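In: No sequence on hand, only this structure:
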DNA sequence: TTGAAAGCGCTAACAC
DNA sequence: GTGTTAGCGCTTTCAA
């Protein structure tokens, strides 16, 4: 139990034979310190292995060198990748990252956001699970906290925001299927409350209508069993759909599993494609066509915005919120083909 | 900019018409407060929406209601799942979670661990990337910090530790292949420095030897290209191996990809199995046989230990370190079969 | 059982 | 350019 107490600013001052404030100024890069003095202090700091005590700074009203990250589900590959990148960049800039899974619960999200704010984080990065109309988190902004929403805008959004071209991506995917000659294309997803899904539905619907086809959207399929039953039902229909477009990863996996279980051949008997790429998409049989978005890029841009905003808050410049729209990419693989005879 | 300053203990005291200390005692559940007094204070607290200022507590030498989590790579599905669970449980107990990816860099890991300690986290949960002989992190323990290692023990370990039956799992997997009639079974992984891989190699080797077969281990295959070349070389050998056992997820995916690219049929022309289960293992063709471990369970047990230890540190009881060994499960699917003619 | 005083390590405001 | 003073909100010590 060698209670090696950390050296304080006072000890540094004594060793460098200067006043407390001089040390403080050196630490905070205040300009008005003579270079020679600065040198002395820096040497003392190095010698003692001095490090700032954040608690003391906080008590004086400063913000912590921490940023908060709230995502719906940290065990989701997409968000995990975002978190990884966020944390990495944060570290590069001297911040640590407080991470929370909101479990897709708006109340929890709000409560944890407040908690982070009360911990004086410098900024908040958030993939919201609130629905339209829930603007509770926004008020944190007025306390001078930098906030960036990503993947989905914060309702009533006047925060910086980074999202991808969900609508365009879904349109392109739908067009891709249509160009293969399909006309009965259904799309599946859970929960149109979620901004991303909602947007993708819009894209899908728009493209279907533009091509004179009738859109058909299935929602609320949360478990594998539900998806399987739905697929089964689908296959039994007269004039059954010949293509399935899944609006999110989870559902895509369920569809694939269900189809495999029923020994339906992809793409001969059913074309399938999904939104959200995944590592094994090109490894599975057949290689799965998806709309890919880059979690790394989303996180990178979000952090850049946040860091800027943190600077800005410091210098008092509350510029108007930035809106960044990132491209997606249709990864054409082999799960789409012209509708086969079996399906006609 | 409604600078709604948080109420302080002083204001609560004034409102409740008691001294500062009484409020402090109520907050900290100190026994010697008359129930009636306590009541008054509690009402005042509720009325003002008072919350403790952690910075001030820290300054007085208390620990933060935070725990630190260090993993090699947060974007890895296994660790992401661990992080999710850790964070969840931490939250349930009133802690926030500081997360760091060490990028498999021992120096970074150490540095971030120290940083967390200087932030006065209550406990540290860590999947180390240090190799045998690097005991730098251990000294943090002597400052009274609760530490639990999981997935891998901390070198020179006298910390609590939660790991899985890597050795037994590898043995069982190897036996499974042998029972299918294979005799030329190679195993692949990256880096035998990593504890888990090392253990699995031991298990594989032990079982091979026990069955009178010659073990063959390929290591250091980090990129897809390297794996592909290795697989290609393997297939060209006279008396080529008939089964590949991958010791980690990443390599397994590469092997699968390489085999698919070369149009080698699994399991007819090559049996394959891997350590570490993944969501799509049962969806891909053919369903992939793996040794599964539960990240949720690993994280759950680790957090339980950490929470206990935090309590213990508080009450001064430094019990001897717990070592927990969690079972793994061989998920028999269809990627292993008796060696075919093509391979003989 | 309760309260008053001291000070944790730092920085903002003001002197020099 | 540099030092001195006064707290930030809390808990620890000691006195009542």
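Out: Right, received. Where do you want to start? Quick caveat, the model's predicted, so the values are computed rather than measured. Residues are numbered from 1 along each chain as shown, chains lettered A, B, ... in the order given.
In: shouldn't residue A:183 be in contact with residue A:213?
Out: Yes: here residue A:183 reaches residue A:213: they are 5.5 Å apart, a contact under C-beta atoms under 8 Å. From N, CA and C alone the C-beta is placed, and that goes for glycine too.
In: Relative to chain B, which residue of the stretch 101-250 of chain A is the closest?
Out: Relative to chain B, the nearest point of the stretch 101-250 of chain A is residue A:101 (5.5 Å; C-beta to the nearest C-beta).
In: Pop out the phi and psi values for that residue.
Out: Torsion angles at residue A:101 (phi, psi; degrees, to the nearest 10) stand at phi -90, psi 120.
In: Could you give the secondary structure assignment for the residue lying closest to it once chain neighbours are set aside?
Out: Excluding its sequence neighbours, the residue lying closest to residue A:101 (C-beta to C-beta, 6 or more residues apart in numbering or on different chains) is residue A:74, at 4.4 Å. Recorded secondary structure, residue A:74: coil (DSSP: H, G, I helix; E, B strand; the rest coil).
In: count of neighbours near residue A:74?
Out: As a burial measure, residue A:74 scores 28 neighbours (other C-beta atoms under 10 Å in any protein chain shown).
In: any idea how far residue A:278 lies from residue B:20?
Out: 56 Å (C-beta to C-beta, to the nearest Å).
In: typo on my end, it should be residue A:191
Out: Noted for residue A:191: a distance of 50 Å to residue B:20, by C-beta to C-beta.
In: Contacts only, for residue A:171.
Out: A:203, A:204, A:206, A:207 (C-beta atoms under 8 Å, 6 or more residues apart in numbering or on different chains).
In: what do you get for residue A:180?
Out: A:243, A:271, A:336, A:337, A:338, A:339.
In: Residue A:270 is in contact with the fourth one, correct?
Out: No: because the distance of 9.7 Å does not satisfy C-beta under 8 Å, residue A:337 is recorded as not touching residue A:270.
In: Neighbour count: the two, which is higher?
Out: Regarding residue A:337 and residue A:270, a neighbour count based on other C-beta under 10 Å identifies residue A:270 as having more, with 26 against 20.
In: Checking the closest residue to the more buried one other than its chain neighbours next. Helix, strand or coil?
Out: Spatially, and ignoring its direct neighbours in sequence, residue A:270 is nearest to residue A:264 (5.3 Å; C-beta to C-beta, 6+ apart). With three-state DSSP as the basis, residue A:264 sits in coil.
In: I figured residue A:264 hits residue A:271, correct?
Out: No: using C-beta under 8 Å, residue A:264 is not in contact with residue A:271, being 10.9 Å away.
In: who's more crowded, the two?
Out: With other C-beta under 10 Å as the criterion, residue A:264 and residue A:271 differ in neighbour count, and residue A:271 comes out ahead with 27 against 16.
In: And the pLDDT at the more buried one?
Out: Model confidence at residue A:271, expressed as pLDDT, equals 97.
In: is it true that it touches residue A:178?
Out: No: judged on C-beta under 8 Å, residue A:271 makes no contact with residue A:178 at a distance of 10.7 Å.
In: Tell me which other helices or strands the longest helix along chain A touches.
Out: Secondary structure of chain A per DSSP state H: the longest helix is helix A:295-315. If you count contacts as 3 or more C-beta pairs under 8 Å, 6 or more residues apart in numbering or on different chains; DSSP states H and E, helix A:295-315 packs onto helix A:77-92, strand A:123-126, strand A:146-150, strand A:160-164, strand A:323-326.
In: who has more neighbours, residue A:278 and residue B:20?
Out: Neighbour comparison, residue A:278 and residue B:20: the larger count goes to residue A:278, with 19 against 13 (by other C-beta under 10 Å).
In: Please look at the more buried one and residue A:81 and confirm they touch.
Out: No: Residue A:278 lies out of contact with residue A:81 (C-beta under 8 Å); the separation is 10.5 Å.
In: okay, now the residue in the stretch 151-300 of chain A positioned nearest to DNA strand D: neighbour count?
Out: Nearest residue of the stretch 151-300 of chain A to DNA strand D, counting by C-beta to the nearest atom of the strand: residue A:159, 26.8 Å away. Residue A:159 has 24 neighbours, counted by other C-beta under 10 Å.
In: separation between the residue nearest to residue A:101 and residue A:148?
Out: For residue A:74, the distance to residue A:148 - C-beta to C-beta - is 18 Å.
In: Same check on residue A:105?
Out: 21 Å.
In: The two: which is more packed in?
Out: Neighbour totals were compared for residue A:105 and residue A:148, and residue A:148 leads with 27 against 14 (other C-beta under 10 Å).
In: correct me, but residue A:244 touches residue A:187?
Out: Yes: taking contacts as C-beta under 8 Å, residue A:244 lies within contact range of residue A:187: 7.4 Å.
In: check contacts around residue A:246.
Out: Counting by C-beta under 8 Å, 6+ apart, residue A:246 makes contact with A:187, A:188, A:189, A:252, A:255, A:272, A:273, A:274, A:275.
In: Go again with 7 Å.
Out: Residues in contact with residue A:246 (C-beta atoms under 7 Å, 6 or more residues apart in numbering or on different chains) are A:188, A:189, A:252, A:255, A:274, A:275.
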